[in-house]
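Participant: how would this look folded up:
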Amino acid sequence: MEDLKEIMLKKTDLIFEETLRELKDYTQWLTSLNTYFYWSDFLGKKFSSNEVINLINEATFDLVSSLFTSFTGFYRQGMIALRSSLELTGLYVYYFDHLIEFKYFLKEGGYRGPLLSELINKGDFLVKKYCSLFINENKLKKELHTEVENTYKELSKYVHGRLGKMQTLIAFPVNYDKS
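Facilitator: As a prediction, the model looks like this:
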């Protein structure tokens with residue numbers, strides 16, 4: 001068992017080092033991650049009595065998990081964690097404004113909540129209701145809606161096992177992959 005652990009750690013350490021060398025400048029990623037941490041922390045302090053904060057905390061954990069698994073060569077799992085983070089962030093935004101529905105969501109064990117795809121497509125919830133508070137121009141609202149929608153669709157391919165997105169389709173290599 002110790003040999004397997006040693007082999008896995010050596011392999012993932014090598015991929016991690018290669019990833020950092022190839023990226024050269026990952027300042028933008030770290031800045032975005034720090035911004036997300038900042039907002040998560042701010043919201044947690046500001047609305048600590050609100051149970052919905054657990055969704056954003058879980059989304060933060062999934063975001064870190066996504067980066068770590070991707071940096072160590074487990075790209076599909078990284079994309080799955082990234083989609084989960086996006087989904088939980090969307091649910092946080094939705095339930096923050098719908099606390100009664102959140103109580104039902106908790107009562108049902110989290111099984112009957114809306115999917116992010118529904119929040120994106122059903123009445124443009126995220127764009128019309130929330131983005132319009134911060135972005136006045138229709139063009140920007142449409143661009144943001146399209147970007148969130150396209151990102152969610154692309155990440156969903158990893159979650160639902162589309163053949164082109166499967167990591168172990170031909171072999172089981174854990175190797176560095178620039179793409």
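
Participant: okay, CA-based contacts and neighbour counts for the rest of this
Facilitator: Noted.

Participant: Show the average pLDDT along stretch 93-108.
Facilitator: Mean pLDDT, stretch 93-108: 84.

Participant: for stretch 143-151, that is, sorry about that
Facilitator: 77.

Participant: and that stretch, C-alpha only, in PDB?
Facilitator: Only the C-alpha atoms of stretch 143-151 are listed here, as PDB (Å, rounded to 0.1, in the frame of the first residue of the first chain):
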ATOM      1  CA  GLU A 143     -22.800  38.600 -22.800                       C
ATOM      2  CA  LEU A 144     -22.700  37.600 -19.100                       C
ATOM      3  CA  HIS A 145     -25.800  35.400 -19.600                       C
ATOM      4  CA  THR A 146     -24.200  33.700 -22.600                       C
ATOM      5  CA  GLU A 147     -20.900  33.200 -20.900                       C
ATOM      6  CA  VAL A 148     -22.400  31.600 -17.800                       C
ATOM      7  CA  GLU A 149     -24.700  29.400 -20.000                       C
ATOM      8  CA  ASN A 150     -21.900  28.300 -22.300                       C
ATOM      9  CA  THR A 151     -19.500  27.600 -19.400                       C
END
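
Participant: Now the element after the helix or strand residue 70 falls within, going C-ward?
Facilitator: Element membership of residue 70, judged by DSSP states H and E, is helix 53-71. Sequence-wise, the next helix or strand downstream of helix 53-71 (DSSP H and E) is helix 75-96.
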